[in-house]
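Student: A structural model of the following input is requested.
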Amino acid sequence: MDIDLIELAVPVLAKGLLVTITLTVVSVAIGFNLGLGLALMRLSENRYVAGAAKYYSMLFRGTPLLVQLFLFYYGLGQLSFIKHNALAWWIVSDGTRCAAMSLALNTAAYTSEILRGGLISIPAGLKEAAKAGGMSAWLRFRRIEFPLAIRQALPAYGNELVLVIKGTSLASTITVLEITGYAKRLMSQTFAIFEIFAIAGAIYLIVNLTLITFVRILERRLMRHEGR
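Tutor: Numbering: from 1, shown residues only. This next block holds a predicted model:
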């Protein structure tokens with residue numbers, strides 16, 4: 001591989017890396033909190049509340065992320081009530097904000113299923129014991145249910161985080177210059193298709209391996225009392 005090409009491509013793709021990380025952090029922060037709320041809704045005894053969360057999950061998990069991005073960026077902006085809503089228009093009028101919101105809503109659906117599985121896995125006897133000890137529902141959730149659910153859900157959630165990072169590459173289809181977006185631009189300038197995308201792929205690989213390592217370290221810390 002040409003050293004001059006590497007020296008040209010790496011600084012440019014590094015600018016895209018910053019956008020990729022920003023998209024990931026924002027979408028995961030929103031998606032995790034929304035996913036947690038949806039997971040609790042799924043466990044609600046109210047069938048309408050549980051049903052709303054169920055169908056949300058089915059909708060976003062059952063359709064491709066690329067289709068969702070296009071609908072958000074190209075479709076919502078054509079609706080009159082979106083144009084007249086300042087916050088909604090602020091989101092859909094910019095590719096980066098639109099991509100972050102699309103990724104957040106998508107990952108929230110998967111996160112809700114992951115966290116629901118973690119919450120379901122908690123022994124009923126443990127919850128009953130905490131309740132008998134006088135703990136309020138919020139205190140039980142904060143001190144017992146949520147920490148145990150996170151321990152159970154962390155391996156699957158780590159995989160979801162990797163998928164979010166890879167999903168940011170689709171933001172290039174709606175004019176966002178992240179790693180893939182800058183790679184496409186460099187490709188059109190240099191015509192070095194293989195070399196440019198090999199470097200871009202290496203950057204994604206390094207980011208994902210770093211994330212996987214961090215998740216595994218965190219998992220070992222959470223499970224150290226179990227001797228794992």
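Student: CA only for contacts and neighbour counts going forward, please
Tutor: Noted.
Student: what helix or strand does the residue lying closest to A137 once chain neighbours are set aside sit in?
Tutor: Spatial nearest neighbour of A137, chain neighbours left out: K131 (7.7 Å); criterion: Cα to Cα, 6 or more residues apart in numbering. Assigned by DSSP states H and E, K131 falls within helix 124-132.
Student: And the longest helix along the chain, what does it pack against?
Tutor: Of all segments of type helix in the chain, defined using DSSP state H, the longest is helix 3-42. Counting contacts by 3 or more Cα pairs under 8 Å, 6 or more residues apart in numbering; DSSP states H and E, helix 3-42 packs against helix 47-61, helix 95-120, helix 146-167, helix 179-190, helix 193-222.
Student: Pop out the phi and psi values for N46.
Tutor: Dihedral pair for N46: phi -80, psi 120, per degrees, to the nearest 10.
Student: what about I3, neighbour count?
Tutor: A count of neighbours around I3, defined by other Cα atoms under 10 Å, yields 8.
Student: what do you get for F81?
Tutor: Using other Cα under 10 Å: F81 sits among 12 other residues.
Student: which SSE is it in?
Tutor: Secondary structure assignment for F81, by DSSP H and E: helix 80-83.
Student: With V26 as the reference, measure out to L154.
Tutor: Per Cα to Cα, to the nearest Å, L154 is found 19 Å from V26.
Student: nope, L34 is what I meant
Tutor: For L34, the distance to V26 equals 12 Å [Cα to Cα].
Student: Name the stretch among the helices and strands packed on helix 3-42 that sits most buried.
Tutor: For the helices and strands packed on helix 3-42, average neighbour numbers computed from mean count of other Cα atoms under 10 Å are highest in helix 95-120, which has a mean of 24.
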